[in-house]
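In: With the input below, show me the fold.
(3 chains)
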Amino acid sequence: MNMSRLSLGVFGVGLAVFFFVQNMGYPARAAQIPLMFATAVGLLSLAWIVQEVWSTSKLLRTRACPSSSDSDSISSAPRTYNQYIKAFSIYALALMYAYSIGLVGYFLASALFMGFALLIVREVGFRYALIGSIALLGTIGLVFFYFLGLNMPMLPTF
Amino acid sequence: MKTKLLSISVLMAVTAVPLAVHAEYSVTDEIRVLQGFQAGGGSDALAQLAHPYLREILGVNFINEYIPGATGAIAWTRLSHQSPKDGTVISITNTPMLMTNYIINDSISYNIDQLTPIANVVTDPGVVVVHPDSPYQTIEDLLAAAEETPGRITIGNSGIGGDDYFSTIMVENASGLSFEKVPFAGDGPSATAAMGGQIDASFNNVGIVYGHLQADSLRALAVLSAERLPMLPDVPTLREIGYDVVNGSSRGYSAPAGIPDQARDELIAAFEELATNEEFLQRAEERAFYIDIVTGDDYMEMMKNMEETFSNIWDELDEDA
Amino acid sequence: MDSSMLMAGIANVLSWSNLLLIIGGTLLGMFVGAMPGLSATMALALLLPVTFSMEPGAGLSMLASLYLGASYGGSISAILLNTPGTPSAAATVLDGYPLSQQGKAGKALGVSLFASFCGGLMSGIALLVAAPLLGIVVLKFGPIELFAVAVLGITIIGSLSQGSVVSGLLSGGIGLLVSTVGMDLITGTPRMTFGHMNLFSGISFTVALIGLFSIPQALLLIEKSGQGKKKVANKITDRLMPLWADIKTLMPNIGRSGLIGIITGLIPGTGGDTASWFAYNEAKRFAKDKSRFGKGDLAGLSAPESANNAVVGGALIPTIALGIPGSSSTAILLGALMVHGILPGPNLLTEHGEVTYTLIWAVIIANFALLGVGLMFTRMCVAVTKVPDGFVACAIIVLCIVGSFAINNSFFDVGLMFAFGLFGYWMLKAGMAPAPMVVGLILGPVMETSYQQSMLIGGGSFMVFAKSPIALCLLILALFSVLQATPLLGIMRQRFGKRSTHSG
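Out: Residues are numbered from 1 along each chain as shown, chains lettered A, B, ... in the order given. As a prediction, the model looks like this:
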């Protein structure tokens, strides 16, 4: 049973209901098409949930070979949760990075992000990371900030 | 000794006069101009035309910041609430969007009292256009058709809250007729639909359709200005046929409320000087820009009038709905 | 067509400074297109103010070259990194990445470049030869016809699903639903905005695309990083230029896709993003062995690439002939004209003919620049595959933030991108394809707006769609597409004793 699939299906139903209820409060013409879409999403989400439940029960009934046919299912026991922790921590780091651009300026924030992220990922040596990051940020700085005049805060605001 | 002092002071006085006329901006060398629409749009066209001249007059550099979204509301909210009030930041204000944004939408928190209007520069008068082979060859034809089939004549506009939408309502109110208003995502698509004959007519703006009028892919039935336009001498005004509807879309510059008086005066003086610049006026005419420079308090009054007119219209609509 | 203006245009374009700008624009476009997180529309919007100080012809040449270069560049990251560099390369991912997984990255890139070149050249010639004629076609597409086009586009969603049909339709449906966020055009009601001004104009689909495709890919790379897995595509062992045999079999497909690109570009409101899906769908429909699509079929790769480059010329046709932009990117080019005081309208071909013909010739020449510079640039890009996954992932995230900010100069969009990123990751784990969602986001507003406008024009009756021959044809085509995806057609064929075809 692909838990992500099931939960996404449930989320779909929730989203549809949410949109539906909100749109009931809008004037008729404005709500027409959103209501239609919301109904479609709700029905399709239910259909998807049913499909997932049905196919899993079929699998269990026939007692087919243990590894499920869809290669992206998480139901095959993960060797370790390490990889997901890495991914989520990078994501969280990225959020903090985006937030900090307004505080410490783009280049400092990016440098910090690259530093910490590459530390977590731990795949490249220090020298590689340094040169690579400088190359990346240098190119962005040249093309976007200098040539195209991008409007992000470049330097710390304190 | 005394004569020397006198001559020096006379010399200083004489040199001070032209300096006062070409007043360098006292606040800064660089003014940020917030634009509420994408680069290359109508506001940008105005900016690119006016800034070189203003640069010479004020001795400042202009930096355009494009902050599109919510028909300019994001940029204007930033102008009134989050910008420094020292005269370093101004914005191009488009009317009627400036007012209709918060008239139509309660969640928009700025209003014109939080701005210092500096000067209006361009006013694009409204114009009624149809397909050249349309059955309505004069404005009277169109209105007569609307009388015969109320609510079935399709009139395109540039969107709810735009000047064309309100123009249509003003015509409806003045004539007692009713049209089927079809909103489009801007003047461009509205004009295109009229060109393709998909709608009966489009309430548009002269600057947008001028090229098409010249090339005969559109026909103008009437203009919504106080007097006939020199660039369209054969097109009657709505006033001439008895309906006092004058409307258009305007663009000008405003600053946040509370900027220093000196800054305000210098900016206003710059625009007043711009109004007399022959080269600027010439280039504007080439681009079908109808220059209508109204500065300072007069601009504020212009805005207040618009705010009142459009609020009334919107409130009436709300009652009918 | 005034031959003197034609000549003046050629002379202009072949000047050293102009050629340099064209090459520079193409290179910049390819770079921006190849970087996940950066998009052509963003680059155009940023480059526009830079061109204000140039001659109008020169500035326009650079912008058009950028547009063309980016339309190809998007396929580079689609093939190598499984994430489209621009919205119009979203369909290229489907067959491009599997090819690189099979070690055929070089072949894929070569075919993509060649297809892009053909498509772009086709549309450039169409632009030169038939602009005024084709311009008239544009006027036939009003809200009623546009609605039919949008419906046709949405029915394609069903056939795009990699996975169950239900998941594809659901993905598309969610896209459609989310696209209704924002101010409704017809009544001005802000829907689902909860007072946030930043949502009034709706959710930008480029932001959503960056989030849905690039972020999950980056996170996936991080998951896989540090495990010392051998990368399959780390050397382009095969040649870049496609074999003559391949070219011969692909030409009909490329030609048809180019035509689709030109027509879709013509229609105001649809651009490279929609054209690539239409072309992909048609390539699949006409393919003898449909099962290879999605697993690395060259036809499935060349179709969207040819189409999205053909859109450049196609979208410029109504822009030049009538002053009506055929796509959002051409709207920026139109802005460039307006700022130089050149009013849009039919007089672009007459009064301002010199500038216009310079632009047209620039589009044609840029295709050759693309071929030349593209080969070199692509070889450099291949070096990216040698970079460890972990670093690539971090770089992608950095680029995504710049790219999503630059579209509207807004940090809100960056946050939105992250939200879509998380959702995209969820979808990845659940096996739901993100491509239909993007199609839904793009076509939802088009469909809704044109529907409401059609209702107003037609007085509330559905017959208004039947009265327009173009709309009727498209709607019937849409119905046919839907039926083809279901087993119905197969059953009917069996009933009538013919050999049943492999449906869908």
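In: So which residues on the stretch 1-150 of chain B come close to chain C?
Out: B:38-42, B:44-45, B:48-49, B:64-71, B:73-74, B:77, B:104-105, B:107-108 (CB under 8 Å from any CB of the partner chain). Any C-beta I mention is one placed from the backbone N, CA and C, and that applies to glycine too.
In: Okay, now the sheet partners of the host helix or strand of residue B:118, with direction.
Out: Under the criterion of DSSP states H and E, residue B:118 resides in strand B:115-130. Each strand that pairs with strand B:115-130, with its direction, by DSSP bridges: strand B:201-205 (antiparallel), strand B:219-224 (antiparallel), strand B:248-256 (antiparallel), strand B:291-295 (antiparallel).
In: Any buried residues in the helix or strand just after it, and which?
Out: Where DSSP H and E defines the elements, the next helix or strand beyond strand B:115-130 is helix B:139-148. The neighbour-count criterion (16 or more other CB atoms under 10 Å in any protein chain shown) identifies B:139, B:142-143, B:145-146 as the buried residues of helix B:139-148.
In: Next one, pLDDT for residue 92 please.
Out: Using chain A. Per-residue pLDDT puts residue A:92 at 93.
In: that's the other chain; I wanted chain B
Out: As predicted, residue B:92 sits at a pLDDT of 94.
In: can you confirm it is in a strand?
Out: Yes. Per DSSP: H, G, I helix; E, B strand; the rest coil, residue B:92 lies within a strand segment.
In: Give me the below-cutoff pLDDT ranges for the chain.
Out: Using chain A here. In the predicted model, chain A carries pLDDT under 70 at residues A:63-80, A:157-158.
In: that's the wrong chain, I meant chain B
Out: B:1-23, B:319-321.
In: ranges for the strands of it?
Out: B:30-35, B:61-66, B:89-95, B:115-130, B:154-157, B:180-183, B:201-205, B:219-224, B:248-256, B:291-295 (DSSP state E).
In: can you put those strands in CSV and add mean neighbour count?
Out: Output for the strands of chain B, formatted as CSV (neighbours: other CB atoms under 10 Å in any protein chain shown):
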stretch, mean neighbour count
strand B:30-35, 20
strand B:61-66, 17
strand B:89-95, 25
strand B:115-130, 25
strand B:154-157, 26
strand B:180-183, 22
strand B:201-205, 29
strand B:219-224, 23
strand B:248-256, 25
strand B:291-295, 19
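In: Need the pLDDT of residue C:344.
Out: The per-residue pLDDT reported for residue C:344 equals 72.
In: ok, and the residue sitting nearest the centre point of chain A, which helix or strand is that part of?
Out: With distances taken as CA atoms, centre = their mean, residue A:91 lies nearest the centre of chain A, 8.1 Å away. Following DSSP H and E, one finds residue A:91 within helix A:82-104.
In: Just want the angle from the next helix or strand after that helix to helix A:82-104.
Out: Next along the chain after helix A:82-104, taking DSSP H and E as the criterion, comes helix A:106-121. Compare the direction of helix A:106-121 with that of helix A:82-104 by axes from the mean of the first three to the mean of the last three CA atoms, to 10 degrees and you get 160 degrees.
In: Buried residues, the next helix or strand after helix A:106-121. List them.
Out: Using DSSP H and E, the helix or strand that follows helix A:106-121 in sequence is helix A:126-140. Neighbour-count burial for helix A:126-140, counted by 16+ other CB under 10 Å, picks out A:129, A:132-133, A:136-137, A:140.
In: what about the longest helix in chain A?
Out: helix A:28-62 (DSSP state H).
In: next one: chain C
Out: Longest helix in chain C, counting by DSSP H: helix C:105-139.
In: Please see if that helix touches chain B.
Out: Yes. Against chain B, helix C:105-139 shows contacts by CB under 8 Å from any CB at C:138-139.
In: what's that helix packed up against?
Out: Judged by 3 or more CB pairs under 8 Å, 6 or more residues apart in numbering or on different chains; DSSP states H and E, helix C:105-139 is in contact with helix B:187-195, helix C:56-81, helix C:92-101, helix C:244-266, helix C:298-322, helix C:353-382.
In: Using CSV, write out every CA atom in the shortest one.
Out: Only the C-alpha atoms of helix B:187-195 are listed here, as CSV (Å, rounded to 0.1, in the frame of the first residue of the first chain):
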residue,chain,number,x,y,z
ASP,B,187,-7.3,46.8,-24.0
GLY,B,188,-5.3,44.6,-26.5
PRO,B,189,-7.6,41.5,-26.5
SER,B,190,-10.6,43.7,-26.4
ALA,B,191,-9.5,45.5,-29.6
THR,B,192,-8.6,42.2,-31.2
ALA,B,193,-12.1,40.8,-30.6
ALA,B,194,-13.6,43.9,-32.2
MET,B,195,-11.2,43.5,-35.1
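In: Packing partners of that helix?
Out: The contact analysis (3+ CB pairs under 8 Å, 6+ apart) places helix B:187-195 against strand B:115-130, strand B:154-157, strand B:201-205, helix B:206-214, helix C:105-139.
In: Out of the buried residues of helix A:126-140, which two sit at the greatest distance?
Out: A:129 and A:140 (16.3 Å; CB to CB).
In: Do you know the pLDDT at the closest residue to chain B within the stretch 301-450 of chain C?
Out: Residue nearest to chain B within the stretch 301-450 of chain C (CB to the nearest CB): residue C:335, separated by 1.8 Å. For residue C:335, the model assigns a pLDDT of 83.
In: thinking it is in contact with residue B:38, fair?
Out: Yes. Proximity of residue C:335 to residue B:38 meets the contact threshold set by CB atoms under 8 Å, at 7.4 Å.
In: Give me the neighbour count for the residue of the stretch 301-450 of chain C closest to chain B.
Out: 25 (other CB atoms under 10 Å in any protein chain shown).
In: so what's it closest to, chain neighbours aside?
Out: Of all residues not flanking residue C:335 in the chain, residue B:40 sits nearest, at 1.8 Å (CB to CB, 6 or more residues apart in numbering or on different chains).
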